[in-house]
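In: sequence unknown, structure follows:
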């Protein structure tokens with residue numbers, strides 16, 4: 001049996017999206033499922049909607065908990081799962097009809113601890129699909145042993161994209177998860193990456209297939225400025241630095257570059273979403289550039305990053321130059337951003 005874990009929070013306003021997500025699981029060609037919906041402290045009438053599914057499908061179970069974020073909700077689901085395998089799903093995405101059957105077939109034939117499949121993004125009710133990933137690890141079916149994963153693919157968790165780091169679209173063997181240390185909770189938006197960074201190094205075999213089995217909704221449930229992104233960037237950097245030291249990995253420069261790019265996204269989003277003044281922008285940039293982790297990353301990266309125009313101003317602490325660069329990008333992207341907002345509207349149809 002496969003246990004499908006779906007954390008939810010305040011789904012009633014967009015219940016048509018959630019119903020499509022659940023239906024994509026209920027309609028799987030492989031039917032031996034338990035569908036665990038974890039209500040993460042919703043403040044609306046989400047539980048009544050979940051109870052409707054419970055009444056119409058004996059495979060649906062629900063768990064209610066205090067709000068603690070998607071990460072803690074998934075952990076609660078895993079603790080209560082009784083399936084031989086675990087699959088995760090976000091509340092607004094879709095699985096292809098034969099996804100579970102295909103992944104289970106590979107898990108059984110390869111005896112892999114984890115199976116990884118391909119995905120694509122979509123919007124407007126699955127009618128428009130795009131962005132199929134074509135990373136080297138997913139070009140063809142293969143089984144990756146532990147040493148090969150650590151030497152060639154684990155780098156993807158440190159800013160060198162070659163392997164999908166998300167938690168969904170992976171089939172985990174439950175006995176494998178039970179046999180390894182539980183990953184730490186991050187309480188931030190890099191929970192997928194953190195979970196797999198801690199789990200996958202313990203796997204003896206990881207099977208990958210090129211099949212697109214998961215459809216990720218473009219734009220997601222919300223699209224706005226997230227003030228936690230700064231804490232996420234710093235938390236992710238420290239997390240990765242610890243694992244670099246633990247496994248003696250040569251990825252400190254790529255991790256430092258990733259941190260500085262992440263920070264510039266934070267700065268840019270202040271202009272786009274918060275519409276802060278130049279004075280407020282410069283005060284915040286100065287504060288962030290004073291963080292010890294940021295100073296450390298700047299010392300590692302140094303100069304010569306011409307393909308990232310914002311990089312040298314960050315490294316040099318040239319806040320005026322950084323403001324001009326980000327403001328120019330914002331001005332250039334105004335039409336694109338307007339079109340993006342329209343597309344996001346239709347994505348939630």
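Out: Looks like it arrived, so ask away. Since we're looking at a predicted model, the values are computed, not measured.
In: ok, the nearest residue to residue 163 once chain neighbours are set aside - contacts?
Out: If you skip the residues right next to it in sequence, residue 163 has residue 156 as its closest partner in space, 3.8 Å away by Cβ to Cβ, 6 or more residues apart in numbering. From N, CA and C alone the C-beta is placed, and that goes for glycine too. By Cβ atoms under 8 Å, 6 or more residues apart in numbering, the contact list for residue 156 reads 135, 137, 162-165.
In: run the last query once more with 7 Å
Out: By Cβ atoms under 7 Å, 6 or more residues apart in numbering, residue 156 lies in contact with 162-163, 165.
In: Name the single longest strand found in the protein.
Out: What stands out as the longest strand in the chain, according to DSSP state E, is strand 205-217.
In: Going by neighbour count, which residues in that strand are buried?
Out: By neighbour count with 16 or more other Cβ atoms under 10 Å, strand 205-217 contains the buried residues 205-209, 211-217.
In: My read is that residue 258 contacts residue 159, right?
Out: Yes. Because the distance of 3.5 Å satisfies Cβ atoms under 7 Å, residue 258 is recorded as touching residue 159.
In: Mind listing what's buried along stretch 64-79?
Out: Result for stretch 64-79 [16+ other Cβ under 10 Å]: buried residues 69-78.
In: same deal with stretch 146-154?
Out: Within stretch 146-154, the residues that count as buried by 16+ other Cβ under 10 Å are 146, 149-150, 153-154.
In: Please tell me how far the nearest residue to residue 12 once chain neighbours are set aside sits from residue 60.
Out: Excluding its sequence neighbours, the residue lying closest to residue 12 (Cβ to Cβ, 6+ apart) is residue 44, at 4.6 Å. With distances taken as Cβ to Cβ, to the nearest Å, residue 44 is found 19 Å from residue 60.
In: Check residue 26 too.
Out: 8 Å.
In: okay, the two: which has more neighbours?
Out: Neighbours of residue 26 and residue 60, each counted by other Cβ atoms under 10 Å, are more numerous for residue 60; the result is 22 against 15.
In: From what I see, that one and residue 36 are in contact.
Out: No. Judged on Cβ under 7 Å, residue 60 makes no contact with residue 36 at a distance of 8.3 Å.
In: Can you show me the helices along the stretch 101-250 of the chain?
Out: For the stretch 101-250 of the chain, applying DSSP state H, counting those that start in this stretch gives helices covering 146-148, 174-178, 191-199, 229-247.
In: Of these, which stretch is the most buried?
Out: Each of the helices of the stretch 101-250 of the chain was given a mean neighbour count from mean count of other Cβ atoms under 10 Å, and the largest, a mean of 21, is that of helix 191-199.
In: What is the end-to-end distance of stretch 50-63?
Out: Terminal residues of stretch 50-63 are spaced 10 Å apart (Cα to Cα, to the nearest Å).
In: And it, how far out from the chain middle?
Out: Its chain's C-alpha centre lies 26 Å from the corresponding centre of stretch 50-63 when counted by Cα atoms, centre = their mean, to the nearest Å.
In: List the buried residues in it.
Out: Neighbour-count burial for stretch 50-63, counted by 16+ other Cβ under 10 Å, picks out 50, 53, 59-63.
In: what's the distance between residue 64 and residue 7?
Out: Distance from residue 64 to residue 7, counting by Cβ to Cβ: 12 Å.
In: any weak-confidence spans in the stretch 51-200 of the chain?
Out: Residues of the stretch 51-200 of the chain that meet the criterion pLDDT under 70 lie in 124-136.
In: tell me the domain boundaries of this structure?
Out: Domain ranges of the chain: 2-217, 229-347, per automatic domain parsing.
In: winner for burial among those?
Out: When you average the neighbours per residue for each of the domains of the chain (mean count of other Cβ under 10 Å), domain 2-217 leads with a mean of 18.
In: circling back: can you spell out which helices and strands pack onto the longest strand of the chain?
Out: Under the contact criterion of 3 or more Cβ pairs under 7 Å, 6 or more residues apart in numbering; DSSP states H and E, the helices and strands touching strand 205-217 comprise strand 94-95, helix 99-110, strand 114-123, strand 142-145.
In: Out of the ones you listed, which gets nearest to residue 176?
Out: Each of the helices and strands packed on strand 205-217 was scored for nearness to residue 176 using Cβ to Cβ, and the closest is strand 114-123 (7.3 Å).
In: quick one, that closest one and helix 99-110 angle?
Out: 160 degrees (axes from the mean of the first three to the mean of the last three Cα atoms, to 10 degrees).
In: quick one: strands adjacent to strand 114-123?
Out: Strand 114-123 has the following strand partners under DSSP bridges: strand 128-130 (antiparallel), strand 170-173 (antiparallel), strand 205-217 (parallel).
In: Would you mind saying which of these lies nearest residue 327?
Out: strand 128-130 (29.5 Å).
In: Right, I'll leave it there.
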